[in-house]
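Undergrad: Got a sequence here, can you model it:
(2 chains)
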Number of protein chains: 2
Amino acid sequence: MFKKRENVLEIEEGNLLSPKFDNDGLIPVITMCAKTKEILMHGYMNVEALKKTIETKEAHYFSRSRNALWHKGKTSGFTQKVTEIRIDDDQDSIWLTVDIGEGSSCHVGYRSCFYRSTEKEKKFDPEKVYKGQPNPTKI
Amino acid sequence: MFKKRENVLEIEEGNLLSPKFDNDGLIPVITMCAKTKEILMHGYMNVEALKKTIETKEAHYFSRSRNALWHKGKTSGFTQKVTEIRIDDDQDSIWLTVDIGEGSSCHVGYRSCFYRSTEKEKKFDPEKVYKGQPNPTKI
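TA: Residues are numbered from 1 along each chain as shown, chains lettered A, B, ... in the order given. All right, here's what the predicted structure looks like:
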């Protein structure tokens, strides 16, 4: 599915997908809400997550805290329907636009992970939705 | 300037800035255009770059290709005036909103680094603006 990275001009100005995964096999992903244009989250994909995202049109990430493929919304029901995937100049980061309907994106209970200064009320109660699961936030 | 990371509740729900820098001392940054809401670029900051950005209200990054502090726009003149800085739930990524006026953000010559499928015409000629400087895109 991905073209091997061979020359800079092709990577920058070509139309072939040649993503660059870092030493951990990951590429960073910016996820934007299609409706509000707010940033919902910043995550990572490995090769498998990017392929699954393209194939299923639902966002898949690689969870660094769980060290596993992560089908976003599988636990909470808040899946992300992909409306657009873009990649940057040197193809080492991805901009995903998604439709989350009336759902949420953040494990703390807010719509966006960038909730400080804007969101006052949680959209769901994470203690109920994620009952018994470890908190991904690490000190 | 930054609060030490001590407990998860404080990190997630508090109002103190406790950014998490990775093993390379970096935190990823999403940069959005204040006017158009498009994503201009995805970059990284180290402690110094984040401090400089807060102090000067102009975006500073850490260039991984040059391994140095990077005052965005210093060469091209296309500086980024910061209008908002946000941080996510576990404080390991930053969302920066910037005003670039009529300027550009991408070293290839386009306004946004995510130019594929939208921008047909370059905003500037990188061979003139960056004359003699190495291309940051690596294979």
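Undergrad: Could you use CA atoms for every contact and neighbour count after this?
TA: Noted.
Undergrad: ranges for the strands of chain A?
TA: A:27-33, A:39-45, A:60-63, A:68-71, A:81-87, A:94-99 (DSSP state E).
Undergrad: Tabulate the ones you listed (JSON lines), appending mean pLDDT, mean neighbour count and distance to chain B.
TA: As requested, these are exported to JSON lines (pLDDT from 0 to 100; neighbours: other CA atoms under 10 Å in any protein chain shown; distance: least, CA to the nearest CA, whole Å):
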{"stretch": "strand A:27-33", "mean pLDDT": "98", "mean neighbour count": "23", "distance to chain B": "7"}
{"stretch": "strand A:39-45", "mean pLDDT": "97", "mean neighbour count": "23", "distance to chain B": "7"}
{"stretch": "strand A:60-63", "mean pLDDT": "97", "mean neighbour count": "23", "distance to chain B": "14"}
{"stretch": "strand A:68-71", "mean pLDDT": "97", "mean neighbour count": "16", "distance to chain B": "18"}
{"stretch": "strand A:81-87", "mean pLDDT": "96", "mean neighbour count": "17", "distance to chain B": "6"}
{"stretch": "strand A:94-99", "mean pLDDT": "97", "mean neighbour count": "22", "distance to chain B": "8"}
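Undergrad: wait, which of the ones you listed is closest to A:His107?
TA: Shortest distance between A:His107 and the strands of chain A, using CA to CA, is found for strand A:39-45: 10.4 Å.
Undergrad: partner strands of that closest one, parallel or antiparallel?
TA: If you go by DSSP bridges, strand A:39-45 pairs up with strand A:27-33 (antiparallel).
Undergrad: Check the gap between A:Ser76 and A:Gly103 for me.
TA: Counting by CA to CA, to the nearest Å, the gap from A:Ser76 to A:Gly103 is 9 Å.
Undergrad: And for A:Leu96?
TA: 17 Å.
Undergrad: likewise A:Met41?
TA: Counting by CA to CA - A:Met41 and A:Gly103 are separated by 14 Å.
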